[in-house]
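**Q** Quick one: sequence plus predicted model below, questions after.
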Amino acid sequence: MPAAPAPEGVAEVLVVVGAATYHRRSVRKRTAFPMLEGVRVQPIISIRQLSKTYASGFQALKPIDLTINRGEIFALLGPNGAGKTTLISIICGIVNPSSGSVLADGHDVVREYRAAREKIGLVPQELTTDAFETVWNTVSFSRGLFGKSANPAHVEKVLRDLALWNKKDNKIITLSGGMKRRVMIAKALSHEPRILFLDEPTAGVDVDLRRDMWVMVRALRATGVTVILTTHYIDEAEEMADRIGVINKGELILVEGKTALMEKLGRRQLTLQLQAPLVRIPEAMSGYPLELSADGLQLVYTYDAQGESTGIDVLLRRLAEAGIDFKDLKTSQSSLEDIFVSLVRERA
Amino acid sequence: MNIYAIRSIYRFEMSRTFRTLLQSIVSPVISTSLYFVVFGAAIGSHMNGIDGVSYGAFIVPGLIMLSLLTQSISNASFGIYFPKFVGTIYEILSAPVSAFEIVAGYVGAAATKSVALGLIILVTARLFVAFHIEHPLWMLAFLVLTAVTFSLFGFIIGIWADNFEKLQLVPLLIVTPLTFLGGSFYSIHMLSPFWQKVTLFNPVVYLISGFRWSFYGVSDVSMTISLGMTLVFLLICLAVVWWIFRSGYRLKA
Ligand SMILES: Nc1ncnc2c1ncn2[C@@H]1O[C@H](COP(=O)(O)OP(=O)(O)O)[C@@H](O)[C@H]1O
Ligand SMILES: [Mg+2]
């Protein structure tokens, strides 16, 4: 595949996976993770033909194949009821799969559940905590449950990182919703997992926690932890993820590096600020995908960034010929929101 | 074996006990003491002894069993029902723990609690009536065996129950009547031959009979049969628990 024009310092890196398969991976140069470049990307979760039909007969997951790479932040993006929680629950052992298999760090999550689950931390979607235990005890409990010997220093670090330290002796029931959510994250991190699942981590969460959570997620990734989050907020996936899987009605529609996804499917828009307002788009320009703003001062041209030619040069020449002058121009990329909407529409 | 997990669950459950000391220890002790006051001291003094044992002493093993059964069931059933009810069960299900480890933690804690309670009641009873224990080791063995068996049974109820009524249903409608009719307050030899036969279908008869034998050396049915029946019930509970975890029944979708 030819290298795409690289907006915002994006580089395409070709990485070898296994013996014969090639995965494309986008790395942002500026926010870069130099250790990833040229390094073999290893799968940490391999999902093969995984499907789920609930006892009610409802098929929540159609057979899914997905590989998640070690050390990446992967966002599972889809509307409510798409099957995100179902997928995570199967990997974590809370729901039995109907068919297919999942390897977590090389271990089958059903047959070798012990080895697999030791590596995994889960922060579920629903806010569910004990009530009468103290924060310290509930986090220490989780660590023991996952087979780790007591390590007060680690528990302390987790609690401090999550701004819970001064609440360590409080009963959970006395905490606010946001604090309880922090406790759930602390529990999930108590046993030093290598894979962290965050199911709708910022749904109904205040700004502070949201910001702290992203700081934490990036810090975790810096230590090599793989983070898989689900969201139905596109900006969240866009902001956080290295790669995005789009899921709808139990089907994984596509999986792409975030930047590649934006380039591949993102349409760009050229906005021209006109010198003088236009009443309507001139006849001569009728063949172009142009839109005129209500005040007649902005002309918006939509084009495909991946196309052979963007057509901008010709457009600008035609505008000059038609005597339309502009004083400024800017280009912008359509948001993931637009991409998602068009993807879902395409599939419908 | 994930020893840390067993220990974590066990400790968690025990700390729940200490938080609710009044409810889990004090209240059963008080209600059992009332039985001793009424049946042992007040009514018992007007009654003839049974099998050469004073009536007050005769009812001690049965009353301990009554508490042991109801407390084992309610401790263990609540212990596993509550995480299911509030949703914190997700953590147990997603942890690297085997069915055995989960059961060891929950049932171990419930059984510990009811054995402790049984011993406390035993000591309390001594304040009201005089009795002796002929086979203390067997007494302890029956105590532990029954506590474990009925904690397992409670664990099964806690998994089966999907509302609080069901949680209360089995102890209230089955276990308490069976215990009252199982010879806590009388020897089954005092019944007519027909009812003696019927009573033998009540599993609690064997528990109480065996337990009473360990105190006074006398029993309604032979001690070996009592022991055998208790073990059979234990095995049935183990088999059901094994099936629950294998099938994911009421635990996993
Ligand atoms: N235990 C269950 N029994 C039957 N259907 C279920 C169960 N859990 C979830 N579903 C259904 O499966 C679909 C996917 O649910 P879920 O995985 O929670 O979606 P998401 O997390 O993407 O919102 C939904 O339509 C939901 O109603
Ligand atoms: Mg969900």
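**A** Arrived safely. Ligands and ions are numbered 1, 2, ... in the order given.

**Q** Write out the residues of chain B neighbouring ligand 2.
**A** Nowhere does chain B come near ligand 2, counting by C-beta under 5 Å from the ion. Yep, even glycine has a C-beta here, placed from its N, CA and C like the rest.

**Q** pLDDT-wise, which helix or strand of chain B ranks last?
**A** In chain B, no helix or strand scores lower on mean pLDDT, DSSP states H and E than helix B:21, which sits at a mean of 80.

**Q** Please name every helix or strand in contact with that helix.
**A** If you count contacts as 3 or more C-beta pairs under 8 Å, 6 or more residues apart in numbering or on different chains; DSSP states H and E, helix B:21 packs onto no helix or strand.

**Q** List the buried residues for stretch B:45-59?
**A** By neighbour count with 16 or more other C-beta atoms under 10 Å in any protein chain shown, stretch B:45-59 contains the buried residues B:50, B:53, B:54, B:55, B:56, B:57, B:58, B:59.

**Q** I'd say the fifth one and residue B:43 touch.
**A** No. Counting by C-beta atoms under 8 Å, residue B:56 stays clear of residue B:43, with 9.1 Å between them.

**Q** how close does residue A:332 sit to ligand 2?
**A** Computed as C-beta to the ion, to the nearest Å, the residue A:332 to ligand 2 distance reads 31 Å.

**Q** does that residue really touch residue A:301, like I thought?
**A** No. In this structure, residue A:332 is not within contact of residue A:301 by C-beta under 8 Å, at 11.3 Å.

**Q** Now do the shared contacts for these two.
**A** Residues touching both residue A:332 and residue A:301 comprise A:269, A:271, with contact defined as C-beta atoms under 8 Å, 6 or more residues apart in numbering or on different chains.

**Q** Report the contact partners of the residue of the stretch 51-200 of chain A found nearest ligand 2.
**A** Across the stretch 51-200 of chain A, the shortest distance to ligand 2 (C-beta to the ion) belongs to residue A:85, at 3.2 Å. Going by C-beta under 8 Å, 6+ apart, residue A:85 touches A:124, A:125, A:199, A:200, A:230.

**Q** ok, residue A:332 and residue A:301, which is more surrounded?
**A** Neighbour count, other C-beta atoms under 10 Å in any protein chain shown: between residue A:332 and residue A:301, residue A:301 has more, with 22 against 11.

**Q** if I look at the nearest residue to that one once chain neighbours are set aside, how far off is chain B?
**A** Leaving aside its sequence neighbours, residue A:301 sits nearest to residue A:270 (C-beta to C-beta, 6 or more residues apart in numbering or on different chains; 4.3 Å). Taking C-beta to the nearest C-beta, to the nearest Å as the criterion, residue A:270 is separated from chain B by 49 Å.

**Q** re earlier: how close does the residue of the stretch 51-200 of chain A closest to ligand 2 get to residue A:76?
**A** 10 Å (C-beta to C-beta, to the nearest Å).

**Q** Need the residues touching each of these two.
**A** Residues touching both residue A:85 and residue A:76 by C-beta under 8 Å, 6+ apart: residue A:230.

**Q** Who are the contact partners of residue B:145?
**A** Neighbouring residues of residue B:145 by C-beta under 8 Å, 6+ apart: B:230, B:231, B:234.

**Q** host element of the second one?
**A** Of the helices and strands defined by DSSP states H and E, residue B:231 is found in helix B:223-247.

**Q** Would you map the strands across the stretch 151-300 of chain A?
**A** In the stretch 151-300 of chain A, the segments counted as strands under DSSP state E, counting those that start in this stretch are A:195-199, A:226-231, A:243-248, A:251-257, A:267-274, A:290-292, A:298-304.

**Q** Can you work out which other helices and strands pack against the shortest one?
**A** It stands for strand A:290-292. In terms of contacts (3+ C-beta pairs under 8 Å, 6+ apart), strand A:290-292 is packed against strand A:298-304.

**Q** Repeat that for the second one.
**A** Counting by 3+ C-beta pairs under 8 Å, 6+ apart, the packing neighbours recorded for strand A:226-231 are strand A:43-53, strand A:59-69, strand A:73-77, helix A:84-92, strand A:195-199, helix A:207-222, helix A:234-240.

**Q** Could you rerun that using 7 Å?
**A** strand A:73-77, strand A:195-199, helix A:207-222 (3 or more C-beta pairs under 7 Å, 6 or more residues apart in numbering or on different chains; DSSP states H and E).

**Q** TSV please, covering the ones you listed and showing mean neighbour count and distance to residue A:180.
**A** Formatted as TSV, the helices and strands packed on strand A:226-231 follow (neighbours: other C-beta atoms under 10 Å in any protein chain shown; distance: least, C-beta to C-beta, whole Å):
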stretch	mean neighbour count	distance to residue A:180
strand A:73-77	27	23
strand A:195-199	24	15
helix A:207-222	15	11
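
**Q** which one of the ones you listed lies closest to residue B:126?
**A** Of all the helices and strands packed on strand A:226-231, strand A:195-199 sits nearest to residue B:126, with 55.4 Å by C-beta to C-beta.

**Q** My guess is residue B:7 contacts residue A:145. True?
**A** No. Look at residue B:7 against residue A:145 with C-beta atoms under 7 Å: they stay out of range, at 9.5 Å.

**Q** For these two, indicate the residue with more neighbours.
**A** Higher neighbour count among residue B:7 and residue A:145: residue A:145, with 28 against 18, using other C-beta under 10 Å.

**Q** show me where the stretch 1-150 of chain A has strands.
**A** With DSSP E, counting those that start in this stretch as the criterion, the stretch 1-150 of chain A has strands at A:10-17, A:21-28, A:43-53, A:59-69, A:73-77, A:99-104, A:107-108, A:120-123.

**Q** which of those sits most buried?
**A** By mean neighbour count, with neighbours taken as mean count of other C-beta atoms under 10 Å in any protein chain shown, strand A:73-77 ranks first of the strands of the stretch 1-150 of chain A at a mean of 27.

**Q** Keeping just the C-alphas, turn that strand into PDB.
**A** This file holds the C-alpha atoms of strand A:73-77, laid out as PDB (Å, rounded to 0.1, in the frame of the first residue of the first chain):
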ATOM      1  CA  ILE A  73      -4.700   0.900  23.800                       C
ATOM      2  CA  PHE A  74      -7.500  -0.600  22.000                       C
ATOM      3  CA  ALA A  75     -11.000   0.900  21.900                       C
ATOM      4  CA  LEU A  76     -14.000  -1.100  21.200                       C
ATOM      5  CA  LEU A  77     -16.500   1.400  19.800                       C
END
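
**Q** same for it, what does it pack against?
**A** Against strand A:73-77 (3+ C-beta pairs under 7 Å, 6+ apart) you get strand A:226-231, helix A:234-240, strand A:243-248.

**Q** got the contact list for that strand?
**A** Strand A:73-77 is contacted from outside by A:68, A:84, A:87, A:217, A:221, A:227-231, A:234, A:237, A:240-247, A:340, using C-beta atoms under 7 Å, 6 or more residues apart in numbering or on different chains.

**Q** got it, and stretch A:91-104?
**A** If you take C-beta under 7 Å, 6+ apart as the criterion, stretch A:91-104 is touched by A:45-53, A:63, A:86, A:89-90, A:108-109, A:113, A:116-117, A:119-120, A:122, A:195, A:197, B:90, B:93-94, B:248, B:252-253.

**Q** That stretch vs ligand 2: in contact?
**A** No. Stretch A:91-104 stays clear of ligand 2 (C-beta under 5 Å from the ion), getting no nearer than 11.8 Å.

**Q** out of the helices and strands packed on strand A:73-77, nearest to residue B:177?
**A** When those are ranked by proximity to residue B:177 (C-beta to C-beta), strand A:226-231 comes first, at 50.0 Å.
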